[in-house]
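Asker: Need coordinates for the following:
(one chain, ligands or ions: 1)
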Amino acid sequence: MQNFISVNDVSNINALVEKALAYKANPFKDKALGVGKRIGLLFLNPSLRTRLSTQVAAANLGMDAIVFNVDKEGWALEFEEGAIMSGNTVEHIKDAAPVLGSYFDILCIRTFPGLQNRTDDYSELYISQFIKYCGVPVISLESATLHPLQSLTDIITITENWRQSITIRKPKVVLTWAPHVKALPQCVANSFSQWVNAWGEADFVITHPEDYELSTEFTNGAAITTHQDEALKDADFVYVKNWSTYTDYGKIYENDPEWMLTDEKLKLTNNARVMHCLPVRRNVELSDEVLDGTHSIVTQQAGNRVWAAQAVIHSILTSK
Ligand code: CP
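Answerer: Model (predicted):
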């Protein structure tokens, strides 16, 4: 693996999932692999899980991890080629990225979308420029359109729970839109859709209100319905996530509380496990009763972030 930006960087999803689960069983088995190597974690946006799980994963492999909150502590970066830097940006990525590449063996970066201009966000300029100029492998810690470490974690979590159920058929996995008070990126929903479709080991249904269609680049292969009740019927896993509009970009049209998942709605499912990437707005996106009840596997899911990151770092360190 050269970089980890999307599912397209993974040759065998199940093999990567098994590698992650082997680390969950034995976290320190490759402790010598990363000794003498450094991983840099660059954040242009906030994080709890991604930051700490990647640091723990690197430490489990013997690596030194250094976190840099670029947005708060670094120079304001310019990403546009040919920019006349007479405004607020102080350092071009062409100059900063190779310097960072000389300090680290792997660089990781989190860059959220601006949600103002869809073409700009979906061009993934920031992470592309980083890869172009840094000269070392890059891991996405969530980019403008995708969150691959989260999605790998999600498949790991579905795999380990489904295995326990000892059922032969494919699980029915439902991604449901949920209300939120802010316009959020489509990254987690895009990425989850992309990974589940590429994985091919689930009956996958996406449900959202009208006008919340995601890009077909990521959803092709899933069944899509605007009827949440219909989607939830017999579901084995329900992934809850808000996203803002894609077509009329970055808007909130509807915040219908009826879309919040409740225990009553879960009666339609096959005793479904409930997932969310966190952070979650309680009693807006997901009810207390669901989050604190027996259906929720969100803490297990967040815990698995370590093993996903460890499997990816291992794959990069051992690639030629
Ligand atoms: N799920 C997730 O990426 O969490 P953080 O934003 O806290 O890293």
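Asker: Next up, phi/psi of the residue in the chain sticking out farthest from the centre, please.
Answerer: Centroid-distance maximum for the chain: Ser86 at 34.8 Å, with C-alpha atoms, centre = their mean. Backbone geometry at Ser86, expressed as degrees, to the nearest 10, gives phi -100, psi 10.
Asker: List the residues that contact it.
Answerer: If you count contacts by C-beta atoms under 8 Å, 6 or more residues apart in numbering, Ser86 has none. C-betas here are computed from N, CA, C, even on glycine.
Asker: Any figure for the gap between it and the ligand?
Answerer: With distances taken as C-beta to the nearest ligand atom, to the nearest Å, Ser86 is found 34 Å from the ligand.
Asker: Same question for Gln228.
Answerer: The value you get for Gln228 to the ligand, if C-beta to the nearest ligand atom is used, is 23 Å.
Asker: Check Asp248 too.
Answerer: Note on Asp248: its distance to the ligand, by C-beta to the nearest ligand atom, is 26 Å.
Asker: wait, isn't that residue in contact with Glu213?
Answerer: No: Asp248 is beyond contact range of Glu213, at 10.5 Å (criterion: C-beta atoms under 8 Å).
Asker: Give me the more crowded residue out of these two.
Answerer: Glu213 (15 against 10; other C-beta atoms under 10 Å).
Asker: still on that earlier bit, local confidence estimate at the residue farthest from the centre of the chain?
Answerer: Per-residue confidence (pLDDT) for Ser86: 97.
Asker: any idea how far Asn60 is from it?
Answerer: According to C-beta to C-beta, to the nearest Å, Ser86 and Asn60 sit 46 Å apart.
Asker: For the one residue in the stretch 151-300 of the chain that gets nearest to the ligand, give me its contacts.
Answerer: For the stretch 151-300 of the chain, the residue closest to the ligand is Cys277, as judged by C-beta to the nearest ligand atom, at 3.9 Å. Counting by C-beta under 8 Å, 6+ apart, Cys277 touches 49, 147, 150, 154, 188, 241, 301-302.
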